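Enquirer: based on what follows, work out the 3D shape:
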Amino acid sequence: HDDEKGTTRLRLPSGGKKTVSSLARAQIGVVAGGGRTDKPLLKAGTAYHKYSVKRNCWPKMRGVAKNPVEHPHGGGNHQHL
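Expert: Numbers count the residues shown, from 1 in each chain. Predicted coordinates for the structure are as follows:
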């Protein structure tokens, strides 16, 4: 920390050093829970509990899989995406 210049030297995890203004504000470290999405959900129950807390976007029901009275895309002999 240099009061005359108003700068602070930071030592980065990579070993490098960086000079920034002493008036600058920042948070140092890594975001908590990083890489959480890399792990697969493995079963439908896990996905159910994940999405039931947040919003009503699961399960994704295809309109072509429904009957014609239930959805505009429903019915027909073949289900095409």
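
Enquirer: residues near Lys50, how many?
Expert: By the criterion of other CB atoms under 10 Å, Lys50 has 11 neighbours. Placement of C-beta: from N, CA and C, glycine included.

Enquirer: mind checking pLDDT for the closest residue to it other than its chain neighbours?
Expert: Using CB to CB, 6 or more residues apart in numbering and skipping residues adjacent in sequence, the residue nearest Lys50 is Leu41, 6.9 Å away. In the prediction, the pLDDT value recorded for Leu41 is 92.

Enquirer: then Leu41 would be within a strand, right?
Expert: No: secondary structure assignment places Leu41 outside any strand; it is coil (DSSP: H, G, I helix; E, B strand; the rest coil).

Enquirer: let the chain start at 594 from now.
Expert: All right, first residue 594 from here; so that's Leu634.

Enquirer: and the gap between it and Tyr641?
Expert: From Leu634 across to Tyr641, the span is 9 Å (CB to CB, to the nearest Å).

Enquirer: what secondary structure does the residue nearest the centre of the chain sit in?
Expert: Of all residues in the chain, the one closest to the mean position by CA atoms, centre = their mean is Thr630, 6.9 Å from it. Per three-state DSSP, the local secondary structure of Thr630 is helix.

Enquirer: look at it and report its pLDDT.
Expert: 89.

Enquirer: cool, Gly638 as well?
Expert: Looking at Gly638, its pLDDT is 93.
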